[in-house]
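> Here is a sequence with its predicted model. Questions after.
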Amino acid sequence: MPDPQPAREVITRSPEETIRLGRELAAELKPPLLILLSGDLGAGKTTLIKGIVAGLGAAAEDEVTSPTFTLIHKYQPALPARTGPVYHVDLYRIAGLPDLETLGLDDIFAENSIVLIEWPDRLAFDPGRPILRIRLDHLDESSRRISLSPHRSP
């Protein structure tokens with residue numbers, strides 16, 4: 001695999017711009033891939049994911065919601081050969097390794113899929129796939145700084 005691209009930053013000034021950025025990113029994504037999204041509550045992680053999932057053709061933007069209580073949403077693209085399934089995982093309510101083990105992430109990581117994880121600091125193992133780290137920071141009520149850092153999985 002070639003060296004990862006350097007980190008880049010994008011400023012979005014509305015939820016619509018954040019969704020548009022997600023759609024643009026989707027055009028660059030290929031499985032297997034793990035996307036780790038971090039940022040404070042309300043930073044726009046799910047908003048960006050709406051654009052990514054829609055851009056992958058896996059669901060309409062209004063069908064993408066935070067899996068805070070269900071923990072995992074699975075979306076099946078119309079053309080699954082391009083991306084395989086797309087998983088949206090929210091680890092906010094995960095208290096520790098026993099909770100994490102019950103999610104079946106090993107099975108998800110065994111698939112040729114794109115996995116988007118909110119609150120990745122709770123992920124306690126290396127899934128062995130390429131990683132894109134995305135950090136979202138509030139600049140003001142509607143503006144966000146979105147930092148993208150591709151990494152190779154060790």
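Great, that's in hand.
> Every contact and neighbour count from this point should use C-alpha atoms.
Fine.
> Which of the helices or strands spans the residue nearest to the spatial centre of the chain?
The residue lying closest to the centre of the chain (CA atoms, centre = their mean) is Leu116, at 2.7 Å. Using DSSP states H and E, Leu116 sits in strand 114-118.
> Okay, now the sheet partners of that strand, with direction.
strand 33-38 (parallel), strand 86-90 (parallel) (DSSP bridges).
> about what we covered before: I'd like to know how far the residue nearest to the centre of the chain sits from Asp106.
14 Å (CA to CA, to the nearest Å).
> cool, Thr83 as well?
Distance from Thr83 to Asp106, by CA to CA: 18 Å.
> Neighbour count: those two, which is higher?
Between Thr83 and Asp106, Thr83 has the larger neighbour count (other CA atoms under 10 Å), namely 22 against 12.
> That one reaches Glu111, doesn't it?
No. With contact defined as CA atoms under 8 Å, Thr83 does not count as touching Glu111 (10.4 Å).
> who touches both of those two?
Residues touching both Thr83 and Glu111 by CA atoms under 8 Å, 6 or more residues apart in numbering: none at all.
> ok so, going back, identify the residues contacting the residue nearest to the centre of the chain.
Leu116 neighbours (CA under 8 Å, 6+ apart): 34-37, 49, 86-89.
> again, 10 Å this time
For Leu116, the contact set (CA atoms under 10 Å, 6 or more residues apart in numbering) comprises 33-37, 45-46, 49, 52-53, 72-73, 86-90, 131-133.
> Show me what the mean pLDDT comes to for the strand holding Leu116.
Mean pLDDT, computed over strand 114-118, is 94.
> Mind putting the strands paired with strand 114-118 into a markdown table with mean pLDDT?
As requested, these are arranged in a markdown table below (pLDDT from 0 to 100):
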| stretch | mean pLDDT |
| --- | --- |
| strand 33-38 | 94 |
| strand 86-90 | 93 |
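> And those strands: which comes nearest Pro127?
strand 33-38 (8.2 Å; CA to CA).
> Would you mind identifying the next helix or strand past the closest one?
helix 45-55.
> Go ahead and produce CSV holding the CA coordinates of the strand holding Leu116.
Coordinates of each C-alpha in strand 114-118 appear next as CSV, following Å, rounded to 0.1, in the frame of the first residue of the first chain:
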residue,chain,number,x,y,z
ILE,A,114,-16.6,0.3,5.2
VAL,A,115,-17.0,0.8,8.9
LEU,A,116,-17.7,4.2,10.4
ILE,A,117,-17.1,4.4,14.2
GLU,A,118,-18.1,7.3,16.4
